[in-house]
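Colleague: sharing a model that was predicted from the sequence below.
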Amino acid sequence: MSWMAFDVTQEWGSGTKNRSGLCLIRNVHAADGGASFDILLGGGSVLWTGAGVDFDSRVGLEVHDAQGRVVIPGLVDGHVHLTGCAGDEGLTSQTPPLAAPDLVGAGVTTVVGCLGFGRGSESLVNLLMGVRLLRQLGLSAYMYTGSFRFPPPSLMGTAADDIVMVGPVLGVKVAVADPYCSHPSERALARLASEAYAAGLQAGKRGHLHVHVGLLGGGFAVLARVRERSGVPCGQLVPTHCNWSLELVEEAAAYARSGGTVDMSTVLAQERGSLTSVRASRAVLSLLERGVPVERITMSSDGNVGMPLRCEDGEQVGLYLERVASLWEEVVELVRQGVKLSLAVRLVTENPARVLGLYPRKGCLEPGADADLILLEEDLSFHKVFARGVLVYDAGRTFLPARLRV
């Protein structure tokens, strides 16, 4: 179904009916504990946080009593195949477009879409339309230009032009050390990194390279040489899928200790059919044990890809459609392994928001930030999700425009 076939003329959610447009969430706790406090939302932003204020009932506030639940920022997923992704099994492995309920039901209020390696079945124009739809539905959606191919495909002629002229484009996706990529030279990558960086400065964006690192080996060495050759800041080259294998996790640790940021993909796990991979939560624990600062680690879902479905002897018998829910599952697993909730949450909120150049508008709950937030149950499941101050998920129910309700 076409992205533009949906009716997006009606309001999203149940939290937009009050006259003032203000919403007060009472009696919440931060992920790191402390006294309870209240949050006032309005105009899509966090207006105030504090305690002990009685608001005039004539203001017409919509009030939610959190009853002491923990509140965290909405999740920031920096790598999702919004419009579908081609697999290596031909057209039958092409995944369908992702629906908005899959995002909000997984706590994702900010998403970055990207392309894979498919030719013909994936396009930047379709991705941009998908991003625009999600924005009209009230989510915060962005995208990468480029793909596995090099020179990178673009909307406006060059990747740098896309960064400057297309609002939702934050940076460029490229691929290295993968049998499906175009194997760009280090000189060409250095040129692209510098052009994207300069374009980002002009547009007020990060303009970074989001680098798919494959299993062929040598990918991190390439990034180190490109960084040296181009002279761009280390944060401009951000490798993802760094948990493809134990060897890549070790290389990622060295890259992060040298000043870079590394991204773990939560769909990659032997439990999910990827036989060489290290589960994202285990990879994060390994990085922390190796002395990597937590602020240099992010997790993204790589959601909406088809992962191998295997029988008991390991033979692939089909594909499992991976949704973005794995992002929060790995946060919960980190907490089960003894990581503090406040630290684990940073990997999918503040840290990716900083990498994407969206902090402090995203990834925190300070006044002035976008009102994207999640209320957690005691078992860390979602109680309520707000996107730009509007209630979009409540105890298992997703609120959508009437034509999209299922």
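Modeller: Yep, it's here.
Colleague: name the element the residue nearest the centre of the chain belongs to?
Modeller: Of all residues in the chain, the one closest to the mean position by CA atoms, centre = their mean is residue 77, 1.0 Å from it. Using DSSP states H and E, residue 77 maps to strand 75-80.
Colleague: what's the local residue count around residue 157?
Modeller: 9 (other CB atoms under 10 Å). The way it works is simple: take the backbone N, C-alpha and C, and place the C-beta from them, glycine included.
Colleague: picking that back up, return the distance of the strand holding residue 77 from the chain's centre.
Modeller: Relative to its parent chain, strand 75-80 has a centroid offset of 1 Å by CA atoms, centre = their mean, to the nearest Å.
Colleague: tell me the helices and strands packed up against that strand.
Modeller: strand 108-113, strand 262-265, strand 297-300, helix 326-336, helix 350-355 (3 or more CB pairs under 8 Å, 6 or more residues apart in numbering; DSSP states H and E).
Colleague: residues in contact with it: which ones?
Modeller: For strand 75-80, contacts defined as CB atoms under 8 Å, 6 or more residues apart in numbering pick out 98, 103, 106-114, 210, 240, 263, 265, 298, 300-304, 324, 327-328, 348-349, 352-353, 355-356, 358, 362-363, 374.
Colleague: surely residue 223 meets residue 211?
Modeller: Yes: here residue 223 reaches residue 211: they are 6.4 Å apart, a contact under CB atoms under 8 Å.
Colleague: what do those two both touch?
Modeller: Here residue 223 and residue 211 share the contacting residues 176, 237, 239, scored by CB under 8 Å, 6+ apart.
Colleague: any stretches of the chain with poor pLDDT?
Modeller: 1-20, 58, 87-93, 120-121, 307-321, 400-406 (pLDDT under 70).
Colleague: one more pass at 50, please.
Modeller: In the predicted model of the chain, residues 1-19, 402-406 satisfy pLDDT under 50.
Colleague: now the helices for it?
Modeller: For the chain, the helices defined by DSSP state H cover 100-104, 124-136, 159-165, 186-203, 219-230, 246-257, 280-289, 326-336, 341-346, 350-355.
Colleague: can I get the ones you listed in a markdown table including mean neighbour count and distance to residue 393?
Modeller: Formatted as a markdown table, the helices of the chain follow (neighbours: other CB atoms under 10 Å; distance: least, CB to CB, whole Å):
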| stretch | mean neighbour count | distance to residue 393 |
| --- | --- | --- |
| helix 100-104 | 24 | 5 |
| helix 124-136 | 20 | 15 |
| helix 159-165 | 22 | 32 |
| helix 186-203 | 19 | 32 |
| helix 219-230 | 20 | 37 |
| helix 246-257 | 20 | 33 |
| helix 280-289 | 22 | 23 |
| helix 326-336 | 21 | 12 |
| helix 341-346 | 20 | 17 |
| helix 350-355 | 24 | 20 |
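Colleague: and residue 102, how far from residue 139?
Modeller: 11 Å (CB to CB, to the nearest Å).
Colleague: so who does the nearest residue to residue 124 once chain neighbours are set aside touch?
Modeller: Nearest non-adjacent residue to residue 124, counting by CB to CB, 6 or more residues apart in numbering: residue 155, 5.2 Å away. Under the criterion of CB under 8 Å, 6+ apart, the contact list for residue 155 reads 124, 125, 128, 145, 161, 162, 166, 169.
Colleague: farthest pair in these?
Modeller: Within the contacts of residue 155, 125 and 161 form the most distant pair, 14.8 Å apart (CB to CB).
Colleague: now the closest residue to residue 369 other than its chain neighbours: how far from residue 384?
Modeller: Leaving aside its chain neighbours, residue 369 sits nearest to residue 46 (4.9 Å; criterion: CB to CB, 6+ apart). Distance, residue 46 to residue 384, by CB to CB: 15 Å.
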